[in-house]
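Asks: the following comprises the amino acid sequence and a computationally predicted model.
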Amino acid sequence: MPLRFFNTYSRALEEFHPLDPTGREVKMYTCGPTVYSHAHIGNFRAYLFEDLLQRHLELREFKVHRVMNITDVDDKTILGSRSAGVPLAEFTAPFKQAFFEDLDTLRIERADSFPEATDPRQIAAMIEMIKTLMARDLVYQADDKSVYYRINKFPEYGHLAHFDLSELRSTGRVKSDEYDKEHVGDFALWKAWDEADGPVKWESPWGPGRPGWHIECSAMATQLLGEQLDIHCGGVDNIFPHHEAEIAQTEGCTGKKFVRYWMHCAHLMVDGQKMSKSLGNFYTLRDVLAKGYSGREVRYALMRVHYRAPLNFTWEGMEESREALRRIDDWLARLRAKAEEDNVQRPTPKAFASGASNIQRPTEEGSGFEDALDDDLNISGALGVLFETIRETNRALDLGMLDPNAASSWLQWWQRIDRVLAISGEETAALSAEISAIAEARVQARLAKDWRKSDELRDELAAKGWEARDTKDGQKITRRDGV
RNA sequence: GGCGGGGUAGCCAAGUGGUAAGGUCGGGGUCUGCAAAACCUCUAUUCGCGGGUUCGAUUCCCGCCCCCGCCUCCA
């Protein structure tokens, strides 16, 4: 099955083939966070979509080179550092650190590099690009000393968003600097220093100032990945103007097609509205963890809906995710137990009904999961395959028709698909002395058929986050919730 | 107004021109001291609404309604 993705540029599903002649190297750029506060889970939905994309490409044996930028200078970081009365770098440092911690919590693979906007090398690269664009008359310095892109000189501008420039309206959301610009749509590449910037400034051929947001990504992407990218991702709100501006800047410099596949994910919603800092309707990852949920539970909850569909965040959805993971955990525990049994060949108790033999080994089901992801990352379809597999193998286990070798095969299948999902729980949670003691006491109570005491101890374990189950092989103790 | 995304069971959500995956919740059952887990079973004659094409449409075409986003801070 061919790998195909929905390209925002063409608004169509396209087969994916990287530019690399060997067809294996993939250059991927993903817009990262602005570190003026903690990222919220809406931001992480985008990063999780990108993680799913990277992991699936890797499962399909592509070598992914990925860059994610860190925006550590802009209006909000400057404002924050001034309010806090500390230098800019000191203000942003803890948010950078928190961002990486959150990535780990969510099991998001690290990009190859996370360039920072204030890195002198990156600033130099941005200035070089602006100089090139200036020489080509694509940008100009306005009366306010800032440098703007002359969008009328770049006919492609607006193609990604399918916007007609003459239709652009000013929404009044940002400081109006229209008097300085030739066209209301012209965007800043270099922002001239002003009082509000305090000590934050860099020297440039156009005077002191700081880079605009868009030029950051153009410079970093070309610096670290080259002039042409295979994939560029972000949230749909980045399509215009950010990615449009990146195209204008980069192609204005190189004259080459900048990005071959544009991929954008839909928003995370809260109460039917986009989750955003400005609306105040957001949760940080830390907020959700504080409610007792684990990183993998959040990961699952944010990843289980197709990336191009809006996803409404609810606590009910978190509970559904927790239960779904519990089902997976219990299934894996059963498979592991079966796989550890001795591998002596036993006579099959009764013949499987016709067609049931294919449950003995992962075959069609195995490819079904990956085929679904090949189809524009159809995660719901892939999870459907997983849960059908779980039901069928559980049934076979119930009937005593899954031997240890088959259980091992299914565990191997799981390990492969979990390279993409990354939602495995702890294989064995260590039992504390306290829990072991209660569990042992319960075993004794059961031997004495003291059901009342047995039930009390079960409740006690539950209160401490452990579940006791009585199986034909004896009592099983399992860690529950937030693992 | 322009450009997009979405409307499928209580909730979440796949999907196909031939009659609706999966998860979760709830009901019934097997098992169990009781539970839990697992399995079986029930829960959309129906896929926003109205037309059209077709032997047949949720799936294609036309029109309409509703929700959300972007239109220069935004993942």
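Replies: Looks like it came in fine. Numbering: from 1, shown residues only, chains lettered A, B, ... in the order given.

Asks: which residues does A:Lys63 form a beta bridge with?
Replies: A:Glu25 (DSSP bridges).

Asks: confirm for me that A:His243 is in contact with A:Cys233.
Replies: No - the criterion here is CB atoms under 8 Å, and A:His243 misses it with A:Cys233 at 9.7 Å. Placement of C-beta: from N, CA and C, glycine included.

Asks: hmm, A:Pro362 is touching A:Ala407, no?
Replies: No - assessed by CB under 8 Å, A:Pro362 is found out of contact with A:Ala407, at 10.9 Å.

Asks: before we move on, the earlier item: which neighbours do A:His243 and A:Cys233 have in common?
Replies: Common neighbours of A:His243 and A:Cys233, using CB atoms under 8 Å, 6 or more residues apart in numbering, are A:Trp262.

Asks: what about the longest helix seen in chain A and RNA strand B, touching?
Replies: Criterion DSSP state H: the longest helix present in chain A is helix A:315-340. Yes - residues of helix A:315-340 contacting RNA strand B under CB under 7 Å from any atom of the strand: A:Glu316, A:Gly317, A:Glu319, A:Glu320, A:Glu323, A:Ala324, A:Arg326, A:Arg327, A:Asp330, A:Trp331.

Asks: columns pLDDT on top of these, output as CSV?
Replies: Putting those into CSV (pLDDT from 0 to 100) gives the following:
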residue, pLDDT
A:Glu316, 93
A:Gly317, 95
A:Glu319, 95
A:Glu320, 95
A:Glu323, 95
A:Ala324, 96
A:Arg326, 94
A:Arg327, 96
A:Asp330, 94
A:Trp331, 96
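
Asks: and the residues you listed, which is closest to A:Phe6?
Replies: A:Gly317 (23.9 Å; CB to CB).

Asks: burial count for the closest one?
Replies: 16 (other CB atoms under 10 Å).

Asks: now the buried members of the residues of helix A:315-340 next to RNA strand B.
Replies: A:Gly317, A:Ala324, A:Arg326, A:Asp330, A:Trp331 (16 or more other CB atoms under 10 Å).

Asks: distance of the second one from A:Ala337?
Replies: Plainly put, A:Ala324 is 21 Å away from A:Ala337 if you go by CB to CB, to the nearest Å.

Asks: enumerate every residue touching the closest residue to RNA strand B within the stretch 251-400 of chain A.
Replies: Per CB to the nearest atom of the strand, A:Gly384 is where the stretch 251-400 of chain A lies closest to RNA strand B, at 2.5 Å. A:Gly384 makes contact with A:Ala372, according to CB under 8 Å, 6+ apart.

Asks: any bit of stretch A:454-467 sitting next to RNA strand B?
Replies: Yes - residues of stretch A:454-467 are located near RNA strand B by CB under 7 Å from any atom of the strand, namely A:Ser454, A:Asp455, A:Arg458, A:Glu467.

Asks: quick check: phi and psi at whichever residue of the stretch 201-350 of chain A sits closest to RNA strand B.
Replies: Residue nearest to RNA strand B within the stretch 201-350 of chain A (CB to the nearest atom of the strand): A:Gly235, separated by 2.0 Å. In terms of degrees, to the nearest 10, the main-chain angles of A:Gly235 are phi -80, psi 160.

Asks: who are the contact partners of the nearest residue to it once chain neighbours are set aside?
Replies: Spatially, and ignoring its direct neighbours in sequence, A:Gly235 is nearest to A:Ala46 (4.8 Å; CB to CB, 6 or more residues apart in numbering). Counting by CB under 8 Å, 6+ apart, A:Ala46 makes contact with A:Cys233, A:Gly234, A:Gly235, A:Cys265.

Asks: mind listing what's buried along the helix or strand where A:Ala46 lies?
Replies: Using DSSP states H and E, A:Ala46 sits in helix A:41-59. Judged by neighbour count using 16+ other CB under 10 Å, the buried positions of helix A:41-59 are A:41-57, A:59.

Asks: out of those residues, which touch RNA strand B?
Replies: A:Gly42, A:Asn43, A:Arg45, A:Ala46.

Asks: how about those in a markdown table, adding pLDDT?
Replies: Below are those laid out as a markdown table (pLDDT from 0 to 100):
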| residue | pLDDT |
| --- | --- |
| A:Gly42 | 95 |
| A:Asn43 | 96 |
| A:Arg45 | 96 |
| A:Ala46 | 96 |
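
Asks: out of those, who's nearest RNA strand B?
Replies: Nearest to RNA strand B among those: A:Gly42, at 2.6 Å, using CB to the nearest atom of the strand.

Asks: got the contact list for that closest one?
Replies: A:His267, A:Leu268, A:Lys274, A:Met275, A:Ser276, A:Phe282, A:Phe313.

Asks: kindly recompute the last result at 10 Å.
Replies: Residues in contact with A:Gly42, defined by CB atoms under 10 Å, 6 or more residues apart in numbering, are A:235, A:267-270, A:274-277, A:281-284, A:302, A:311, A:313.

Asks: before we move on, what about A:Leu383?
Replies: A:Tyr300, A:Met303, A:Arg304, A:Ala324, A:Ile328, A:Phe369, A:Ala372, A:Ile417, A:Leu421.

Asks: burial of A:Ala12, as a residue count?
Replies: 10.

Asks: does it touch A:Phe6 like I think?
Replies: Yes - counting by CB atoms under 10 Å, A:Ala12 touches A:Phe6, with 7.2 Å between them.

Asks: picking that back up, mind listing which of the contacts of A:Gly42 are in helices?
Replies: A:Leu302.

Asks: and of the contacts of A:Gly42, the nearest to A:Leu106?
Replies: Nearest to A:Leu106 among the contacts of A:Gly42, with distances taken as CB to CB, is A:Leu302, at 8.0 Å.

Asks: would you mind writing the CA trace of the lowest-mean-pLDDT helix or strand in chain A as CSV?
Replies: When each helix and strand of chain A is scored by mean pLDDT, DSSP states H and E, helix A:364-374 comes last, with a mean of 80. The C-alpha trace of helix A:364-374 is given here as CSV (Å, rounded to 0.1, in the frame of the first residue of the first chain):
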residue,chain,number,x,y,z
GLU,A,364,-3.1,-10.0,8.1
GLU,A,365,-3.8,-8.1,11.2
GLY,A,366,-0.2,-7.1,11.5
SER,A,367,-0.1,-5.4,8.1
GLY,A,368,-3.6,-4.0,8.6
PHE,A,369,-2.4,-1.7,11.4
GLU,A,370,0.4,-0.3,9.3
ASP,A,371,-1.7,0.0,6.2
ALA,A,372,-4.1,2.2,8.0
LEU,A,373,-1.3,4.5,9.0
ASP,A,374,0.0,4.6,5.5
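
Asks: I'd like the average pLDDT over the helix or strand following it.
Replies: Moving toward the C-terminus from helix A:364-374, the next helix or strand (DSSP H and E) is helix A:379-398. Averaging pLDDT along helix A:379-398 gives 95.

Asks: residues of helix A:379-398 that come out buried?
Replies: Neighbour-count burial for helix A:379-398 [16+ other CB under 10 Å]: A:Ile379, A:Gly381, A:Ala382, A:Leu383, A:Val385, A:Leu386, A:Thr389, A:Ile390, A:Thr393, A:Asn394, A:Ala396, A:Leu397.

Asks: the last one touches A:Leu335, doesn't it?
Replies: Yes - between A:Leu397 and A:Leu335 there is a contact under CB under 10 Å: 7.9 Å.

Asks: what touches both of the two?
Replies: Common contacts of A:Leu397 and A:Leu335 (CB under 10 Å, 6+ apart): A:Ala406, A:Ala407, A:Trp410.
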